[in-house]
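> sharing a sequence plus its predicted fold:
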Amino acid sequence: MKIITGGVTAAKGFAAAAVEAEIKYQGRKDMALIYSEAPCVTAGTFTTNLVKAAPVKWDQALVYGGQPVRAVVVNSGIANACTGEEGYGYCRKTAEAAAAALDIPADSVLVASTGVIGMQLPIDRIAAGVTKLADEKQFTEEAGLEAARAIMTTDTKPKYVGAEVMIGGKTVTIGGMCKGSGMIHPNMCTMLSFLTTDAAITKEMLQKALSDDVQDTYNMVSVDGDTSTNDTLLLLANGLAGNPVISAEGADYETFKEALHYVNTELAKKIAGDGEGATCLFEAKIIGAESHAQAKVLAKSIITSTLTKAAIYGHDANWGRILCAMGYSGAQFDPEKVDLWFESAAGKIKIIENGVSTGYSEELATKILSEDYVTAIADVKMGSESALAWGCDLTHEYVNINADYRS
């Protein structure tokens, strides 16, 4: 596998654009387009929140219905959630505007929104923005990067990545972009994430690969424990790589999954590391578990613990909070057999052995916890399974951002 700078225009046949539509923000681009010159088979996963935004309902109908997809239109600033029939109608009007501007069917246009819940979209600005997006679309890496910037809300940086693999003697590319910083605790996939690939693959295998992979990538991320109304992950495959069609499990499918997993993992980590107000990416690694499921439960419990997140922000090696979070996770283990390390670019230190303190150096532990990427490694000594989860520290700035988010 070859890692590339990536983005949604990395794969053959995909273009992107970003424009300033003044939906909510002033002086920045707030609408993005992904366009494929060929029809795409599409896979998707969506929020499990009972309260689903209008774009989620629109996309579910198209993805589950199996319609070929040609474009995705995304806006930031307003989520189009809790907006009733009017909001759903605006999804249709957005798709119809894109259909007219791009000369494609309206039911080949997916839509996504992110931002404040409860506000109606300014559909006149959305429609005008769609027209500009169609005029300005380009097949360049820079266009993909601008699209990644345009979908940001409280994000501090654009998030994009890509990878190439060889399948059937052909170069297959997967690129992606996402946004997410707050209201991050997905139980399906992630906030908003858009992946493109030129792989030739059936819809059935594309959906299987995506649904399986989110369990160990996006579903292992948490910033604040809140599952969004708008969580959407879309994967478009236009087949332009010319590889033999992947229609069943086997070597080609596994190679495709390897690249997909890399892209999803990197995007998930970028979201966790850019959590609202965060100063570091906090990774929990469970080793020596009896089963993968047990390891996942333990790892996720650590990175979602508010007290642990606060300790990481304070660079405080308060290991009792980690052991406590493992204890209430629901997974069974023997606390008196647990070993725990902290690791970062500054080094690695063993904090507890068999459930008790090693008498470690607080000074060294603080130095290790002061880096912008910190890992806690817990060995439960029950087997050979492992799992990773990603979160971030909890800072005063998180409260500041969310206290006046609507304004």
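It's in. Residues are numbered from 1 along each chain as shown.

> where do the strands sit along the stretch 151-300 of the chain?
Using DSSP state E, counting those that start in this stretch, the strands of the stretch 151-300 of the chain run over residues 159-167, 170-179, 192-197, 232-237, 281-289.

> of the ones you listed, which is nearest residue 39?
Closest to residue 39 of the strands of the stretch 151-300 of the chain, according to C-beta to C-beta: strand 232-237, at 9.6 Å. For glycine as for every other residue, the C-beta is placed from the backbone atoms N, C-alpha and C.

> which outside residues touch that closest one?
14, 34, 36, 40-47, 55-56, 59, 63, 69, 72, 110, 112, 188-201, 206, 210, 214, 218, 260 (C-beta atoms under 8 Å, 6 or more residues apart in numbering).

> tabulate the strands of the stretch 151-300 of the chain (TSV), appending distance to residue 2.
Output for the strands of the stretch 151-300 of the chain, formatted as TSV (distance: least, C-beta to C-beta, whole Å):
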stretch	distance to residue 2
strand 159-167	4
strand 170-179	9
strand 192-197	14
strand 232-237	19
strand 281-289	24
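
> output those strands in TSV; the columns should cover mean pLDDT, distance to residue 405 and mean neighbour count.
Below are the strands of the stretch 151-300 of the chain laid out as TSV (pLDDT from 0 to 100; distance: least, C-beta to C-beta, whole Å; neighbours: other C-beta atoms under 10 Å):
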stretch	mean pLDDT	distance to residue 405	mean neighbour count
strand 159-167	97	20	23
strand 170-179	97	15	25
strand 192-197	97	17	29
strand 232-237	97	20	29
strand 281-289	98	22	24
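
> which SSE is immediately downstream of the longest strand along the chain?
When the chain is parsed with DSSP state E, its longest strand is strand 31-46. Downstream of strand 31-46, the first helix or strand assigned by DSSP states H and E is helix 54-65.

> output stretch 397-407 as CSV, nothing but the C-alphas.
Written as CSV, here are the backbone C-alpha positions of stretch 397-407 (Å, rounded to 0.1, in the frame of the first residue of the first chain):
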residue,chain,number,x,y,z
GLU,A,397,-12.1,25.6,25.9
TYR,A,398,-14.6,22.8,25.2
VAL,A,399,-17.1,24.5,27.5
ASN,A,400,-16.4,27.9,26.0
ILE,A,401,-17.0,26.6,22.4
ASN,A,402,-20.3,24.9,23.3
ALA,A,403,-21.7,27.6,25.6
ASP,A,404,-22.2,29.9,22.7
TYR,A,405,-22.2,27.6,19.7
ARG,A,406,-25.4,28.9,18.2
SER,A,407,-24.1,32.5,18.2
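
> what average pLDDT does that stretch get?
Stretch 397-407 carries an average pLDDT of 84.

> hmm, back to that, what is the orientation angle of the longest strand of the chain with strand 192-197?
90 degrees (axes from the mean of the first three to the mean of the last three C-alpha atoms, to 10 degrees).
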